[in-house]
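A.B. asks: got a structure for you, letters missing:
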C-alpha cells in the first residue's frame, strides 16, 4: 500500500529513476522544470538563502515538522520533496482531499516499518487544512515519537484552519507570491530548455502578468505560447489565445479578510484611489456586494462618525440603490459611497466613547439612576422621593440645569471627546459650552 503514496522520483518509478523517453516528452513543462536542488528554487530566498531558516535546518540536518503556507504555484511541493532528499528521508506525498483515515493508518504503518529499518519519513500533506480536527489530531502521536516528519502545505491561514495542538508541534513558514523578476527568471529557464518564446517584449510582459504570481500557471501559459510560433506574437494576439488566470480570492477564506481589511484601512487612510482598487478587487473576485454595502456602512459609523453625520445616510442610500439596480449598475453607488468616506473627515470619537461606556456599564453592575430623575407615576413613589428635586431643563437659564444624571456616588466620567475635524468641530464647541455651564451651576449650587 505504501507504493500508492510514495513519490520518490518525478515520475514515481522509484528513487531517482528517470521516466521513459516517450513519457518524458509528454510531461508538462512545469514538471520537467521542477528544481533538482534547493538552491534552484526561485523566489523564496527568505527561506532558502544563506542563513535563512530552511537553509540552516538542512545544514544542521535537523528538520522539524513544518507548515508551508503560501499561494498556489510558489514551490511548496517542490521544497518538501527537496528537503526529504537533502536530509535522507523517504518522501511520501498524500493529499487531504483524497486520503481517508484508513489510508492514513497505512501510511503511518509504513513509516513505522521504515523507522525500524533506520530510515525516517517526510510525510508531505497537500491541502492539509482540508483535514478535519480528528484527522489532524491523528498526526500528533506520530510526530511526537519521530515516526514522521510532517510537512503540510496550505493556501489558507494556518491560525484559522489548523488545530492549535498541531501548530504547537510544527513551525509555520510563509512562502511568497512570485513577483515579476522571479517569473522572468523562470521563463528564462524554460527558454533554455524549449527555445525562445515567439513573443514581443510587450507580449512577454503580458504573459507574466497573466500568471498572477503563480509559477506553475506561468509555465503552463508559456507552453501554450510556444505553440503559437513562429512569431513574433504581440500582446493583442496573445490575449486572444490565452485566458487570464482567475484572481486568487476565496469569499470565505483568508483572501476575503485580507482584502476587506485593505479596503477598510484605505478608506480610513483617506485614499480614494486605493479604496476603489480594493473594492474593485473584491467585486471582481465574486464578493457579495451586499456584504460590501454592510461593511461600507460600518466604516461610516466607526471611522467617520459625527465628523460627517451624512456619511451613514449616504451609505444606506447606496445600499438601497444597489438593491434596486443590482449588478453591475448598483456597484457604482457603492463606489460613490467609498469615495465619499475616503475623503470625509475622520473621527472615531463616538466609537471610543461607546466602548468606554459599555466597559463602565459592565463594571458598575446594577447601580440605579439617581432618585431625582426617576418618574413618580404613583403617590407611594412620590412619597418615596422619586423625582424629588428634579430640575426641568426648559425652565432653567439657557435651557440647561446642569444636574447629575449618573448613579449616586459615581464620579462623573468623560466618554465623548470630539475631534477638531468636520462637523465635530461644532460638537466640540457644544461640549465645551455645556461643560462651562455645568461648572457654573455647580458653583451656584
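C.D. replies: Ah, there it is. Remember, it's a predicted structure, so these values are computed and weren't measured experimentally.

A.B. asks: hey, where'd the strands end up in the chain?
C.D. replies: In the chain, the segments counted as strands under DSSP state E are 66-69, 90-95, 121-126, 149-154, 171-174.

A.B. asks: would you turn those into JSON lines with mean neighbour count, mean pLDDT and distance to residue 41?
C.D. replies: Heads up, the C-betas are built off the backbone N, CA and C, glycines and all. Converted to JSON lines, the strands of the chain look like this (neighbours: other C-beta atoms under 10 Å; pLDDT from 0 to 100; distance: least, C-beta to C-beta, whole Å):
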{"stretch": "strand 66-69", "mean neighbour count": "24", "mean pLDDT": "96", "distance to residue 41": "12"}
{"stretch": "strand 90-95", "mean neighbour count": "19", "mean pLDDT": "95", "distance to residue 41": "16"}
{"stretch": "strand 121-126", "mean neighbour count": "26", "mean pLDDT": "96", "distance to residue 41": "15"}
{"stretch": "strand 149-154", "mean neighbour count": "25", "mean pLDDT": "96", "distance to residue 41": "14"}
{"stretch": "strand 171-174", "mean neighbour count": "15", "mean pLDDT": "95", "distance to residue 41": "13"}
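
A.B. asks: Return the set of buried residues in stretch 42-51.
C.D. replies: The neighbour-count check on stretch 42-51 (16 or more other C-beta atoms under 10 Å) flags 42-44, 47-48 as buried.

A.B. asks: tell me the two of those that are most distant?
C.D. replies: Spatially, the most separated pair among those is 42 and 47, at 12.0 Å (C-beta to C-beta).

A.B. asks: what about the stretch 1-150 of the chain, any weak spots by pLDDT?
C.D. replies: Within the stretch 1-150 of the chain, the segments meeting pLDDT under 70 span 1-25.

A.B. asks: Helices of that one, start to end?
C.D. replies: 21-26, 29-32, 45-48, 53-60, 76-86, 101-116, 133-137, 140-144 (DSSP state H, counting those that start in this stretch).

A.B. asks: before we move on, what about the stretch 301-445 of the chain?
C.D. replies: Under DSSP H, counting those that start in this stretch, the stretch 301-445 of the chain gives helices at 310-325, 329-343, 349-364, 379-383, 424-444.

A.B. asks: Can you say which of those helices is nearest to residue 403?
C.D. replies: helix 424-444 (7.9 Å).

A.B. asks: Was I right to think residue 189 contacts residue 32?
C.D. replies: No: using C-beta atoms under 8 Å as the test, residue 189 is too far from residue 32 to be in contact (10.4 Å).

A.B. asks: For residue 274, give its distance to residue 285.
C.D. replies: 16 Å (C-beta to C-beta, to the nearest Å).

A.B. asks: and the closest residue to residue 293 other than its chain neighbours, how many neighbours?
C.D. replies: Excluding its sequence neighbours, the residue lying closest to residue 293 (C-beta to C-beta, 6 or more residues apart in numbering) is residue 319, at 3.9 Å. With neighbours defined by other C-beta atoms under 10 Å, the count for residue 319 comes to 20.

A.B. asks: Tell me the confidence at residue 319?
C.D. replies: With respect to pLDDT, residue 319 scores 96.

A.B. asks: these two touch, right, it and residue 297?
C.D. replies: Yes: here residue 319 reaches residue 297: they are 6.4 Å apart, a contact under C-beta under 8 Å.

A.B. asks: so how far is stretch 311-323 from its chain's centroid?
C.D. replies: 27 Å (C-alpha atoms, centre = their mean, to the nearest Å).

A.B. asks: What residues of that stretch count as buried?
C.D. replies: 311-312, 314-315, 318-319, 321-322.

A.B. asks: next one: stretch 294-302
C.D. replies: For stretch 294-302, using 16+ other C-beta under 10 Å, the buried residues are 295-297, 299-300, 302.

A.B. asks: Pull the residues that contact that stretch.
C.D. replies: 260, 263-264, 267-268, 308, 311-312, 314-316, 318-319, 334, 337-338, 341, 348, 351 (C-beta atoms under 8 Å, 6 or more residues apart in numbering).

A.B. asks: on that earlier part again, among the buried residues of stretch 294-302, pick out the one closest to residue 158, please.
C.D. replies: Ranked by distance to residue 158 (C-beta to C-beta), the buried residues of stretch 294-302 are led by residue 295 at 25.0 Å.

A.B. asks: what sits opposite the nearest residue to residue 103 once chain neighbours are set aside in the beta ladder?
C.D. replies: Setting aside the residues directly before and after it, residue 103 is nearest to residue 94 in space (C-beta to C-beta, 6+ apart), at 7.1 Å. Bridge pairing for residue 94 (DSSP bridges) gives the partners residue 125.

A.B. asks: My understanding was that residue 94 contacts residue 106; is that so?
C.D. replies: No: counting by C-beta under 8 Å, residue 94 sits too far from residue 106 to count as a contact (10.2 Å).

A.B. asks: distance of the nearest residue to residue 409 once chain neighbours are set aside from residue 361?
C.D. replies: Counting by C-beta to C-beta, 6+ apart, residue 367 is the residue found nearest to residue 409 once chain neighbours are left out, at 7.9 Å. Taking C-beta to C-beta as the measure, residue 367 falls 9 Å from residue 361.

A.B. asks: OK, contacts around the residue nearest to residue 103?
C.D. replies: Residue 94 neighbours (C-beta under 8 Å, 6+ apart): 5, 103-104, 107, 123-126.
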